[in-house]
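# Sequence unavailable; structure follows:
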């Protein structure tokens, strides 16, 4: 082999290597642009989640303040939800019992009124002759 063939071989090899490297570089550029888009999408989603979380925290704070106002608690007092729920159940039971007692008392009142009216009518009919 002469000198000219050696240099041609090396130039050909170098040219092929450069083409391979440029091809890989193009693939990496495409992959890089896809990854940039994915990262941007994730960052946007993260911002949306942070905004949603902040809105929920604000809503929770508003509801907490409203509950304290409804229950008229002092700022330093704590709110025991479990106790409130148990007390609510107990009061609902008392209301049910009182309604039952009221219905029973009304029924007894009607019964005594009917009996009184019957005796009154009977006395009136006996007194007429």
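Thanks, I have it. All values reported here derive from a predicted model rather than from experimental measurement.
# What segments of the protein are helices?
In the chain, the segments counted as helices under DSSP state H are 3-71, 81-127.
# where are the low-confidence patches of the chain?
Confidence mapping of the chain against pLDDT under 70 gives the ranges 1-9, 73, 75, 126-129.
# contacting residues around residue 67?
The neighbourhood of residue 67, defined by C-beta atoms under 8 Å, 6 or more residues apart in numbering, consists of residue 79. Just so you know, the C-beta spots here come from the backbone N, C-alpha and C atoms, and that holds for glycine as well.
# Could you do residue 84 as well?
Contacts for residue 84 (C-beta under 8 Å, 6+ apart) come out as residue 71.
# Residue 97 versus that one, what's the distance?
Taking C-beta to C-beta, to the nearest Å as the measure, residue 84 falls 20 Å from residue 97.
# Let me know the distance separating the spatially most central residue of the chain from residue 50.
With distances taken as C-alpha atoms, centre = their mean, residue 56 lies nearest the centre of the chain, 8.7 Å away. For residue 56, the distance to residue 50 (C-beta to C-beta) stands at 11 Å.
# now do residue 26
36 Å.
# same check, this time on residue 124
86 Å.
# Likewise for residue 97?
Applying C-beta to C-beta, the value for residue 97 to residue 50 is 51 Å.
# What about residue 70, how many residues nearby?
Burial of residue 70, expressed as a neighbour count using other C-beta atoms under 10 Å, amounts to 8.
# Which residues are in contact with it?
Contacts of residue 70 by C-beta under 8 Å, 6+ apart: none found.
# now swap in residue 118 and tell me
Contacts of residue 118 (C-beta under 8 Å, 6+ apart): none.
# got it, and residue 19?
Contacts of residue 19 (C-beta under 8 Å, 6+ apart): none.
# and residue 68, how many neighbours?
14.
# For the residue lying closest to it once chain neighbours are set aside, grab the count of nearby residues.
Spatial nearest neighbour of residue 68, excluding adjacent residues (C-beta to C-beta, 6 or more residues apart in numbering): residue 79 at 6.8 Å. Per other C-beta under 10 Å, the neighbour tally for residue 79 reads 11.
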